[in-house]
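>>> quick one, what's the 3D model for this:
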Amino acid sequence: MLDHLGRDIHYLRMSLTERCNLKCIYCRDESAFCKAKEELNTEQYRILIRQFVSLGIRKVRLTGGEPLVRKDLTEIVRMIAAYDEIRDLSMTTNAQGLAARLPELKQAGLKRINISLDSLDAERYSRMTRGGNLQQVFDAVETAIREELPVKINTVLIRGENDKEADDFIRLAREYPLDIRFIELMPIGKLGESGERRVMNREILERHPELYPAEPRYLSQPSEDYTADGFRGRVGLISPISHRFCKDCNRVRLTSDGKLKMCLGRTQETELMPYLTGDGQQLLKVMRSAIYAKPAEHQFDELFHSNRTMNQIGG
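This is a model prediction of the structure:
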């Protein structure tokens, strides 16, 4: 459907859980505890996806937390993929334990994988994720390529932590059919609020003049894509801080506790849980009204303070 600015809202980022098997330093506090009992159940997701499809959603990305901690993940994938209207179904994951589950997820209807990977050094990766196993990520990437599932690698560069690895990640795009995407550290959570450790994506372009713009893979994508001679993949720059893409934003977010969130850089949310019973007409009305009123732009540069950590939002 169209919002009040005429933007075609057809992309849903659906968080399945706040829980995660890792505690990445920019995502949530080390002591944070996430409650499974407050999550939407399978039937509630079934009700909601039906309404989202009726409102024009054509693209869904499953997020978290970590989607793989949901025991009903394959069932949810199959449920969404059953709609002919859904043209693209992907998942963002840290890939811990993903390799063994990829074949069944592909069979259920998953079409693409986004893997969060912030270091190619095993020791640094373990430290940044507070316990992650880098080899499991490599295994997942190899399995995805073998299963012919397109892979995007999402990397958040943090000054003084992993910013010196940018060249190594770009080398992956040259050698493998991967999209390597650098995402600017957002002002969400303690690490990102001050902005002192944020690496602006323009710094990457300044260091790599060999990169030149590539045609976008789809309209309204958040990344500016680049390639270079001899590259098998791409380098994508997602720059919500230094380069707004709000005027073309086509997405809304559903949190795992049943809130409809119109913008990552806004605190406003619409509660959907009270409307999940009945014939669905009131639920549809509330959802339509919230989407129509989607804000014109984020507030990241206006002393923004998020009411949720990243694992509670869903990326």
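>>> now N162: closest residue in space, sequence neighbours ignored.
Leaving aside its chain neighbours, N162 sits nearest to S119 (4.9 Å; criterion: Cβ to Cβ, 6 or more residues apart in numbering). Just so you know, the C-beta spots here come from the backbone N, C-alpha and C atoms, and that holds for glycine as well.
>>> count the neighbours of L185 for me.
23 (other Cβ atoms under 10 Å).
>>> contacting residues for it?
Shown in contact with L185 (Cβ atoms under 8 Å, 6 or more residues apart in numbering): Y26, V156, L157, I158, L191, G192, G195, R197, R198, V199.
>>> the residue nearest to N162 against E165, yeah?
Yes. Counting by Cβ atoms under 8 Å, E165 is a contact partner of S119 at 6.1 Å.
>>> those two: which has the busier surroundings?
S119 (22 against 17).
>>> Q282 versus Y275, what's the distance?
5 Å (Cβ to Cβ, to the nearest Å).
>>> higher neighbour count, the two?
For Y275 and Q282, the more surrounded residue by other Cβ under 10 Å is Y275, and the numbers stand at 20 against 13.
>>> in contact with the residue nearest to N162, which residues?
Y125, M128, L134, N162, E165.
>>> could you rerun that using 6 Å?
Y125, M128, N162 (Cβ atoms under 6 Å, 6 or more residues apart in numbering).
>>> list the buried residues for the host helix or strand of the second one?
When elements are defined using DSSP states H and E, M128 is found to belong to helix 122-129. Across helix 122-129, burial judged by 16 or more other Cβ atoms under 10 Å covers R124, Y125, M128, T129.
>>> ok, how many other residues are close to R146?
11.
>>> pretty sure D225 sits in a helix.
No. Looking at D225 with DSSP: H, G, I helix; E, B strand; the rest coil, it is strand, so not inside a helix.
>>> so it is in contact with A214, correct?
Yes. Counting by Cβ atoms under 6 Å, A214 is a contact partner of D225 at 4.3 Å.
>>> spell out which residues are contacts of both of those two.
Taking Cβ under 6 Å, 6+ apart as the contact rule, D225 and A214 both touch R234.
>>> would you reformat the buried residues of helix 122-129 as CSV and include distance to L68?
Listed next are those as CSV, based on distance: Cβ to Cβ, whole Å:
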residue, distance to L68
R124, 22
Y125, 17
M128, 19
T129, 14
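>>> tell me the one of the residues you listed nearest G64?
T129 (13.7 Å; Cβ to Cβ).
>>> and for that closest one, nearest residue in space, chain neighbours not counted?
Closest residue to T129 apart from its sequence neighbours, by Cβ to Cβ, 6+ apart: L22 at 4.4 Å.
>>> quick check: the one you found touching G132?
Yes. The pair L22 and G132 qualifies as a contact (Cβ under 6 Å) at a distance of 5.1 Å.
>>> between the two ends of stretch 232-248, how far is it?
End-to-end distance of stretch 232-248 (Cα to Cα, to the nearest Å): 28 Å.
>>> again with stretch 69-76
End-to-end for stretch 69-76, by Cα to Cα: 13 Å.
>>> contacts for that stretch?
Contacts for stretch 69-76 (Cβ under 6 Å, 6+ apart): L16, T17, R19, T42, Y45, P67, E104, A108.
>>> let's see that with 10 Å instead.
For stretch 69-76, the surrounding residues in contact (Cβ atoms under 10 Å, 6 or more residues apart in numbering) are 14, 16-21, 34, 36, 39-42, 45-46, 49, 62, 64, 66-67, 78-79, 91, 93, 96-97, 101, 104-105, 107-110, 256.
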